[in-house]
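Asker: Predicted structure and sequence below. I'll ask about it afterward.
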Amino acid sequence: PFCQFDPEDPDNSQDAFLSKYFSLQCTAKLLIIAPHMLSWLQHNIPLKNTIIVKIEEMLQQSIIQKIIQYQEKAGYSCLTFKPIINVLYTPLTYNTQPELQTICRELIVVSLLTKQNDLKVLIKEDLLDYVTCLPWHTSGSVQQRAKELVTTLQQATDVNIQPPSLLNMTKATVAKLYCGLDKVLEHSVPELVWELLNNL
C-alpha cells in the first residue's frame, strides 16, 4: 500500500517507517515544485485522495513524535535545510488542487519540526530569517505549523532567534510571490525587482 503506517504491523520497523516517511515527503515536494503533476492528479482522483489520507495520517502528533524518535535513534542528521526552505517558498499555483497543495506544504513544515537537533544548520546557512518569515507567507493549517516551528526555535537554547532583517523580509516576500528562494539568494533585490517590472 502507498506509504501505509500501521503501529501494530510487525513489519513496520524503524527503517521501513522512515523509508515510507521520506517517500511521502518526496512526493509532497514533487507536487509543490511540479504544477503539472497537480494538474495530472485532477484526472486521478483515487490517487489524489490516497495521498491526502496518508499525509493526514503522518500529521498526527503521535506519528510526528515517532518520526523524531526514530531519526534520533538512527543518528539521522540534516546537512542542509536549503532545499526544504526553497520548497516552502515556491510560489503557489492558484486554482490547482488547493487542498493537496496545502497539505503537502504542511507536511514539509512538519519535516522541519522533526529536525530539532539540527537547528544550528539553519544559522550556518543564514536561513533563520526565512523560517521566521514563513507564518507571514502562509495561511490556514500551514500557517499554524509555521508558527509552531517559530515557537520551537524561540524555545531552543542553542538558537538566538531575532526579528528578521528588513532586507531578508523583502527577499522572503519576493521569493514567495515571484521567483522562489534559490533565485533570491543568488541575486540582489534591485535586480529581482527590475526583472519583475520588465516582465509585467
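Answerer: Nice, thanks for sending it over.

Asker: elements contacting the helix or strand hosting His36?
Answerer: Using DSSP states H and E, the element containing His36 is helix 35-41. Contacting helix 35-41 under the criterion 3 or more C-beta pairs under 8 Å, 6 or more residues apart in numbering; DSSP states H and E are the following elements: helix 14-33, helix 45-58, helix 98-113. Heads up, the C-betas are built off the backbone N, CA and C, glycines and all.

Asker: winner for burial among those helices?
Answerer: helix 98-113 (a mean of 20; mean count of other C-beta atoms under 10 Å).

Asker: Can you give the contact residues for the helix or strand of the chain with the lowest mean pLDDT?
Answerer: Between all helices and strands in the chain, the lowest mean by mean pLDDT, DSSP states H and E belongs to helix 35-41, at a mean of 78. Helix 35-41 is contacted from outside by Leu30, Leu31, Leu47, Lys48, Ile51, Thr93, Thr96, Gln97, Leu100, Gln101, using C-beta atoms under 8 Å, 6 or more residues apart in numbering.

Asker: rewinding a little: list the buried ones in the helix holding His36?
Answerer: Across helix 35-41, burial judged by 16 or more other C-beta atoms under 10 Å covers Pro35, Leu38, Leu41.

Asker: and which of the residues you listed is nearest Gln162?
Answerer: Pro35 (34.8 Å; C-beta to C-beta).

Asker: Geometric centre of the protein: which residue is closest?
Answerer: The chain has Ile108 as the residue nearest its centroid, 2.6 Å off, counting by C-alpha atoms, centre = their mean.

Asker: any idea how far that residue is from Glu72?
Answerer: 20 Å (C-beta to C-beta, to the nearest Å).

Asker: if we can go back for a sec, save the helices and strands packed on helix 35-41 as JSON lines, and put in mean pLDDT and distance to Ile64 too.
Answerer: Output for those, formatted as JSON lines (pLDDT from 0 to 100; distance: least, C-beta to C-beta, whole Å):
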{"stretch": "helix 14-33", "mean pLDDT": "88", "distance to Ile64": "10"}
{"stretch": "helix 45-58", "mean pLDDT": "90", "distance to Ile64": "8"}
{"stretch": "helix 98-113", "mean pLDDT": "90", "distance to Ile64": "6"}
